[in-house]
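Trainee: just coords:
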């Protein structure tokens, strides 16, 4: 019976599938080639933060079960970031400090993105994305506007997805090439 401790539950598999889709979408080459997102560790982190925010936003305000799934995906994101920090050689004593920064970045960006999305302010969203994702570089302003349009489309697509599909670990994002 002790081997049962190491088995993954279907719930864990669904969370892994949801988070895997979020990361796969965040790593889509189109963001780095056509949207002006820097293809760096920081740029990739920003895209994972954006997609995790969009997913968690979809899950917020729903039933307790849906909020719990959003929380588990966020927890999975935190474990992934912790593991990545350790993998790149950040020492055990420094990991909590870096995780605090990642948490602050997530919540700060979430507040900025939520404010713009709730107000229907595509320009404000583009400005926040320009600051956070595109490092404020003026040559990326078109990419930031395009990324804002993508984030709005992603939010709408996530809102249309059935709760049952999300519970089963199935989530989809818009084709970033077509926006």
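Mentor: Yep, that arrived. This one's a predicted model, so the numbers in the text were calculated from it and none came from an experiment. Numbers count the residues shown, from 1 in each chain.
Trainee: Give me the distance between the helix or strand where residue 149 lies and the centre of its chain.
Mentor: Residue 149 is part of helix 141-160 when elements are defined by DSSP states H and E. Remark: helix 141-160 is offset 13 Å from the chain centroid, using C-alpha atoms, centre = their mean, to the nearest Å.
Trainee: Which strands and helices lie in contact with that helix?
Mentor: helix 41-59, helix 95-119, helix 122-132 (3 or more C-beta pairs under 8 Å, 6 or more residues apart in numbering; DSSP states H and E). Any C-beta I mention is one placed from the backbone N, CA and C, and that applies to glycine too.
Trainee: List the buried residues in stretch 120-136.
Mentor: Within stretch 120-136, the residues that qualify as buried are 124, 125, 126, 127, 128, 129, 130, 132, 133, 134, counting by 16 or more other C-beta atoms under 10 Å.
Trainee: coming back round to it: looking only at pLDDT, what's the mean for the helix holding residue 149?
Mentor: Averaging pLDDT along helix 141-160 yields 96.
Trainee: Quick check: buried residues in that helix?
Mentor: Neighbour count says helix 141-160 has 143-148, 150-155, 157-158 buried, by 16+ other C-beta under 10 Å.
Trainee: what angle separates it from helix 41-59?
Mentor: 30 degrees (axes from the mean of the first three to the mean of the last three C-alpha atoms, to 10 degrees).
Trainee: and the next helix-or-strand element following helix 141-160, how far out from the chain's middle?
Mentor: For helix 141-160, the following helix or strand on the C-terminal side (DSSP H and E) is helix 163-167. In terms of C-alpha atoms, centre = their mean, the centre of helix 163-167 is found 18 Å from the chain centre.
Trainee: still on that earlier bit, format the helices and strands packed on helix 141-160 as JSON lines; extra columns: mean pLDDT and distance to residue 21.
Mentor: Converted to JSON lines, these look like this (pLDDT from 0 to 100; distance: least, C-beta to C-beta, whole Å):
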{"stretch": "helix 41-59", "mean pLDDT": "97", "distance to residue 21": "9"}
{"stretch": "helix 95-119", "mean pLDDT": "97", "distance to residue 21": "18"}
{"stretch": "helix 122-132", "mean pLDDT": "96", "distance to residue 21": "21"}
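Trainee: which one of those is the most hemmed in?
Mentor: A comparison of these by mean neighbour count, using mean count of other C-beta atoms under 10 Å, puts helix 41-59 on top with a mean of 21.
Trainee: Can you tell me which helices and strands that helix packs against?
Mentor: Against helix 41-59 (3+ C-beta pairs under 8 Å, 6+ apart) you get helix 10-26, helix 64-87, helix 95-119, helix 141-160.
Trainee: what about 10 Å?
Mentor: Using 3 or more C-beta pairs under 10 Å, 6 or more residues apart in numbering; DSSP states H and E, the elements in contact with helix 41-59 are helix 10-26, helix 29-33, helix 64-87, helix 95-119, helix 122-132, helix 141-160, helix 163-167.
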